[in-house]
Structures are given as structure tokens and as C-alpha cells.
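Engineer: Structure for the following, please:
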Amino acid sequence: WNLRYQDDAYGDQWSSAPATLARGYGDCEDFALAKMALLEKLGVPGHDMYLVVLRDRQDVEHAILAVNRGGRLMVLDNRTDRVLPADLVRDYRPIMSYSGPFSWIYGERAG
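Structural biologist: Residues are numbered from 1 along each chain as shown. Alright, predicted model coming up:
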């Protein structure tokens, strides 16, 4: 598909894959959700995909899709066309992630 990036006009709205594809644009969460829906249609199990909300080095919130492929976590990020192993992506600090009905919150150790 040929989607263009566009921030949400008001607040932070997460759109379904069909809605994003129909309008032809979305932000990082919309891209990640669209990739997740497409991969699920191609047979990737939902429990192997994680939508990860994070902060980058400039402290900007961002979202990516992480996919477990044979025990190796791969990162699909709308900021690049490359699919990268998660252990090579060091510019991001996860805040929370979702996979199906499950969610995780990440923090930093105090003290």
C-alpha cells in the first residue's frame, strides 16, 4: 500500500486497519495496526505480534510493531523500510505493549 504519514489532528486516535487504508494516511500507531492486520491475514499468529508504544532518544512517543519470528523479535517501524532485529534497535525505550488481550507496562528501576 501507499500510505502517507500524518499526525492525528486532535489528541491521539488509533484507527483500525480498514479505516487507515481507506483514507490513505495515518500516524505510527495506525501504521503498526495496519501491519498487524495484514500479517495476521498472511498467517502470522496474533500472539507473535506486539504493538509497542515507546519513547525515542528525543523523548518523543512513537509506536512500532514487533514480531516474533522463530524466537527472534523483529521490529517493523514506519520510520524505515528495513525490518530489524530488536537487539539492534537501541534508540527506543518501551512504555507499554499489547498483544491480543494482553498488555505490559514497562518502567525503570528506582533507587
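Engineer: Pull out the buried residues from the biggest strand by length in the chain.
Structural biologist: Longest strand in the chain, counting residues (DSSP state E): strand 61-69. For strand 61-69, the neighbour count (16 or more other C-beta atoms under 10 Å) marks 62-68 as buried. For glycine as for every other residue, the C-beta is placed from the backbone atoms N, C-alpha and C.
Engineer: Partner strands of it, with direction?
Structural biologist: strand 49-55 (antiparallel), strand 72-76 (antiparallel) (DSSP bridges).
Engineer: All the strands of this protein, in order from the start?
Structural biologist: Remark: strands assigned in the chain by DSSP E are 4-5, 25-26, 49-55, 61-69, 72-76, 83-85, 93-99, 102-105.
Engineer: by contact count, what packs against the top helix by length along the chain?
Structural biologist: The single longest helix within the chain, with elements called by DSSP state H, is helix 28-41. Judged by 3 or more C-beta pairs under 8 Å, 6 or more residues apart in numbering; DSSP states H and E, helix 28-41 is in contact with helix 17-23, strand 49-55, strand 61-69.
Engineer: Flag the shaky bits of the chain, pLDDT-wise.
Structural biologist: Along the chain, the parts satisfying pLDDT under 70 run over 1, 4-6, 8-9, 11, 110-111.
Engineer: Quick check: closest non-adjacent residue to the residue nearest the centre of the chain.
Structural biologist: By C-alpha atoms, centre = their mean, the chain has its centre lying nearest to residue 64, at 2.3 Å. Spatial nearest neighbour of residue 64, excluding adjacent residues (C-beta to C-beta, 6 or more residues apart in numbering): residue 77 at 4.5 Å.
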